[in-house]
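J.: Fold the following and give me the result.
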Amino acid sequence: MRKALVSAVYVALVGALQGCETSPSVRSPATPGVEIGVSPELAAQVELGMRRRLKDPDSAKFGPIRASGRVWNGRKEIVVCGFVNSKNSFGGYTGALPYVGKVYDLKGDFDLITMGDESPNAALMVAAACRGAGIPIT
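T.: Residues are numbered from 1 along each chain as shown. Alright, predicted model coming up:
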């Protein structure tokens with residue numbers, strides 16, 4: 001049962017993230033994007049969005065953020081991947097957990113797609129989703 005659920009989540013994540021690119025033309029959703037640079041504004045937007053979802057936002061320590069982007073139906077879409085370490089409800093740090101999300105423009109909000117937990121399978125699924133978007137993370 002758990003393996004089937006993990007497989008279903010993986011398929012959904014990869015499907016949601018495939019097709020990111022930096023060129024303004026719209027290509028097939030199955031085409032992964034090309035990694036783009038992360039501006040200070042984009043990093044701040046991602047960090048703010050992630051802090052809103054953490055139990056102890058002030059404790060958050062972010063690793064490097066990587067991104068790929070495309071224009072999809074006339075709207076700029078950026079997929080971001082990274083790691084965050086923050087305190088849990090017991091007051092201890094969780095260790096660096098991977099996350100993947102989307103930003104639609106620098107005036108919009110950060111949409112968290114998923115975040116790994118302390119299980120190895122969750123981290124592998126997030127990493128696979130990021131690779132599917134053209135962002136290799138380890």
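
J.: where does Met50 land in three-state SS?
T.: With DSSP: H, G, I helix; E, B strand; the rest coil as the basis, Met50 sits in helix.

J.: for it, what are its contacts?
T.: Ala60, Phe62, Val84, Tyr99, Gly101, Phe110, Leu112 (CB atoms under 8 Å, 6 or more residues apart in numbering). (C-beta placed from N, C-alpha, C; glycine too.)

J.: are any of the residues you listed buried, and which?
T.: Buried residues within the contacts of Met50, counting neighbours by 16 or more other CB atoms under 10 Å: Phe62, Val84, Tyr99, Gly101, Phe110, Leu112.

J.: Phi first, then psi, for the third one.
T.: I take that to be Tyr99. phi -140, psi 160 (degrees, to the nearest 10).

J.: and the gap between the residue lying closest to it once chain neighbours are set aside and Ala60?
T.: Excluding the flanking residues, the one nearest Tyr99 by CB to CB, 6 or more residues apart in numbering is Met115, at 4.2 Å. Distance, Met115 to Ala60, using CB to CB, to the nearest Å: 12 Å.

J.: which residues are common contacts for those two?
T.: Common neighbours of Met115 and Ala60 (CB under 8 Å, 6+ apart) are Val84.

J.: any idea which of the buried ones among the contacts of Met50 is closest to Glu77?
T.: Nearest to Glu77 among the buried ones among the contacts of Met50 is Gly101, at 11.1 Å by CB to CB.

J.: need the contact list for the residue nearest to Tyr99.
T.: Arg53, Val84, Leu97, Pro98, Tyr99, Val100, Val126.

J.: picking that back up, same list (the contacts of Met50) but as TSV, adding secondary structure.
T.: Shown next, in TSV, are the contacts of Met50 (three-state DSSP):
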residue	secondary structure
Ala60	coil
Phe62	strand
Val84	strand
Tyr99	strand
Gly101	strand
Phe110	strand
Leu112	strand
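
J.: got a list of what Phe62 touches?
T.: Taking CB under 8 Å, 6+ apart, one finds Ala43, Glu47, Met50, Gly82, Phe83, Val84 in contact with Phe62.

J.: Roughly how far does it sit from Arg70?
T.: For Phe62, the distance to Arg70 - CB to CB - is 24 Å.
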